[in-house]
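1. Here is a sequence with its predicted model. Questions after.
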Amino acid sequence: MGKDYYKVLGIAKGASEDEIKKAYRKQALRFHPDKNKSPGSEDKFKEIAEAYDVLSDAKKKDIYDRFGEEGLKGSAGGGGGGQSGQSYNYTFHGDPHAMFAEFFGGRSPFDQFFAQNGEEDMDINNPFAPFGMGRMRGMDGFQRSFKSHPGGLRRPHEKKKDPPVMHELKVSLEEVFSGCTKKMKISRKRLNPDGCTVRNEDKILTVDIKRGWKEGTKITFPKEGDETPSNIPSDVVFVVKDKPHPVFRREGSDIIYPAKISLREALCGCTVNAPTLDGRTITVTSRDVVKPGMKKRIAGEGLPLSKCPEKRGDMILDFTVKFPDKLGQSTQDALKQILPP
């Protein structure tokens, strides 16, 4: 029987192009002679390169899938290469080390991958960071960590993620009432393509303020913070903060309207014209005695509920009674006669 290239790479027949690349990456790193000193590693490394050379080429792979190694290499009686009866006559003449270097973007990457003090350490998330190569041709998701295996790779120099960068996002009650879009400009550091130097840049982040969002709501933009060779960019977090309003104050989804009335209105009845956030005016009439600190609730005239924006909180009239600074003697005498003791 011929070679089973799928078995060499540790994948199933019918594997996708991405799975083939990942399998070669894993096996080539594991059995590279600069890394693996066990007997036979050089032969295994070459066998892995040959398997990848065949399975990564659509034409070779098609012939191999149909006729096996014999048909691919023309050793099956001259009839395995196709319907014409002519064989493909494939022979691996490649240099497995050159293939490795081309795949990873460097001729001798292990000189940089592994420490020279005998430790077998590397940063799996970005193995080319030590010599500033960043993402290279053939990396294809190399940021994902390998699981440890015999002769495996560890990550003592793993990058750490910086704490979130917090920003206040001030919104008016009208913006919370209607919803809006905010464009927030941030300044940050970003890695240059060389993977070593950084540049300063500005970026506009778009925040969609949903109707009814409460103060303290957090909007997170993952990994939009500073980026350096030694860190994972932090998240940028905006925290909703209410702007002071000239008329209302907020309590959750309710809005408080300070209704100031005179002492006569408090005793004899009053009419209050209260504005709303959407520009209307609500007229509220009271015939009862209004005491200082008394409140009156108007249902459904507050802010939208954050979890159910089609419903709204209430407007609360917070009455303040304006007392006169002084009364004349005749007024005092009249009140003494009228008011109960």
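-> Arrived safely.
2. Enumerate every residue touching I20.
-> L9, I11, Y52, L55, S56 (C-beta atoms under 8 Å, 6 or more residues apart in numbering). In this view, the C-beta of every residue, glycine as well, is placed from N, C-alpha and C.
3. At the geometric centre of the chain, which residue do we find?
-> P222 (3.2 Å; C-alpha atoms, centre = their mean).
4. Backbone dihedrals for that residue, please?
-> Phi and psi for P222, reported as degrees, to the nearest 10, are phi -60, psi 140.
5. now E310
-> According to degrees, to the nearest 10, E310 has phi -70, psi -10.
6. what's the closest non-adjacent residue to it?
-> P304 (7.5 Å; C-beta to C-beta, 6 or more residues apart in numbering).
7. how close does the one you found sit to L277?
-> 10 Å (C-beta to C-beta, to the nearest Å).
8. Next, show the common contact partners of these two.
-> F177.
9. Could you give the separation of stretch 15-22 from the chain centroid?
-> 27 Å (C-alpha atoms, centre = their mean, to the nearest Å).
10. Equivalent analysis for stretch 45-52, please.
-> With C-alpha atoms, centre = their mean as the basis, the mean position of stretch 45-52 lies at 38 Å from the chain mean.
11. Where do the domain boundaries of this protein fall?
-> 5-131, 161-242, 249-322 (automatic domain parsing).
12. Check those for me and report the most buried one.
-> domain 5-131 (a mean of 17; mean count of other C-beta atoms under 10 Å).
13. follow-up on the earlier one: tabulate the contacts of I20 (CSV), appending secondary structure and pLDDT.
-> CSV is the format used below for the contacts of I20 (DSSP: H, G, I helix; E, B strand; the rest coil; pLDDT from 0 to 100):
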residue, secondary structure, pLDDT
L9, helix, 93
I11, coil, 94
Y52, helix, 93
L55, helix, 93
S56, coil, 92
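14. As TSV, those residues with distance to H93 would be great.
-> Output for these, formatted as TSV (distance: C-beta to C-beta, whole Å):
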residue	distance to H93
L9	20
I11	24
Y52	14
L55	17
S56	16
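15. still on that earlier bit, and the closest residue to the residue nearest to the centre of the chain other than its chain neighbours, what does it touch?
-> The spatial neighbour of P222 that comes closest, neighbours along the chain excluded (C-beta to C-beta, 6+ apart), is D235 at 5.2 Å. By C-beta under 8 Å, 6+ apart, the contact list for D235 reads P164, V165, T220, F221, P222, K223, E224, G225.
16. out of those, who's nearest K21?
-> K223 (24.6 Å; C-beta to C-beta).
17. ok but the closest one is inside a strand, no?
-> No. Residue state for K223 (DSSP: H, G, I helix; E, B strand; the rest coil) corresponds to coil; a strand is not indicated.
18. so it touches K203, yeah?
-> No. Under the criterion of C-beta atoms under 8 Å, K223 makes no contact with K203, lying 11.9 Å away.
19. Identify the contacts common to the two.
-> Common neighbours of K223 and K203 (C-beta under 8 Å, 6+ apart) do not exist.
20. Now the element after the helix or strand of the chain with the lowest mean pLDDT, going C-ward?
-> None of the helices or strands of the chain scores lower by mean pLDDT, DSSP states H and E than helix 110-113, at a mean of 49. Downstream of helix 110-113, the next assigned helix or strand under DSSP states H and E is strand 160-161.
21. Provide the strand pairings for the helix or strand following that next one, with the direction of each partner.
-> Next helix or strand after strand 160-161 toward the C-terminus (DSSP H and E): strand 165-171. The strands that strand 165-171 pairs with in its sheet are strand 236-242 (parallel) (by DSSP bridges).
22. now the partner strand: mean pLDDT?
-> The pLDDT scores in strand 236-242 average 95.
23. distance between the helix or strand that it is followed by and the chain's centre?
-> Going down the chain from strand 236-242, the next helix or strand is strand 249-251, by DSSP H and E. How far strand 249-251 lies from its chain's middle: 32 Å, per C-alpha atoms, centre = their mean.
24. Checking I282 next. Helix, strand or coil?
-> With three-state DSSP as the basis, I282 sits in strand.
25. R211 is in contact with K307, isn't it?
-> No. Between R211 and K307 there is no contact under C-beta under 8 Å: 10.9 Å.
26. what residue ranges in the stretch 101-250 of the chain score low on pLDDT?
-> 105-158 (pLDDT under 70).
27. Surely Q27 touches I11?
-> No. Look at Q27 against I11 with C-beta under 8 Å: they stay out of range, at 9.6 Å.
28. For stretch 192-210, C-alpha coordinates in PDB please.
-> Output of stretch 192-210 as PDB, limited to C-alpha atoms (Å, rounded to 0.1, in the frame of the first residue of the first chain):
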ATOM      1  CA  ASN A 192       3.100  49.000  12.600                       C
ATOM      2  CA  PRO A 193       3.300  46.100  10.100                       C
ATOM      3  CA  ASP A 194       6.900  45.400  11.300                       C
ATOM      4  CA  GLY A 195       5.400  44.200  14.600                       C
ATOM      5  CA  CYS A 196       7.800  46.300  16.700                       C
ATOM      6  CA  THR A 197       7.200  50.000  16.300                       C
ATOM      7  CA  VAL A 198       4.000  51.800  17.100                       C
ATOM      8  CA  ARG A 199       2.100  54.700  15.700                       C
ATOM      9  CA  ASN A 200      -0.500  57.100  17.100                       C
ATOM     10  CA  GLU A 201      -3.800  57.100  15.400                       C
ATOM     11  CA  ASP A 202      -7.400  58.400  15.900                       C
ATOM     12  CA  LYS A 203     -10.400  56.300  15.400                       C
ATOM     13  CA  ILE A 204     -14.100  57.000  15.400                       C
ATOM     14  CA  LEU A 205     -16.300  54.600  17.300                       C
ATOM     15  CA  THR A 206     -20.000  54.600  16.700                       C
ATOM     16  CA  VAL A 207     -22.300  54.100  19.700                       C
ATOM     17  CA  ASP A 208     -26.000  53.500  19.200                       C
ATOM     18  CA  ILE A 209     -27.800  54.900  22.200                       C
ATOM     19  CA  LYS A 210     -30.900  52.800  22.700                       C
END
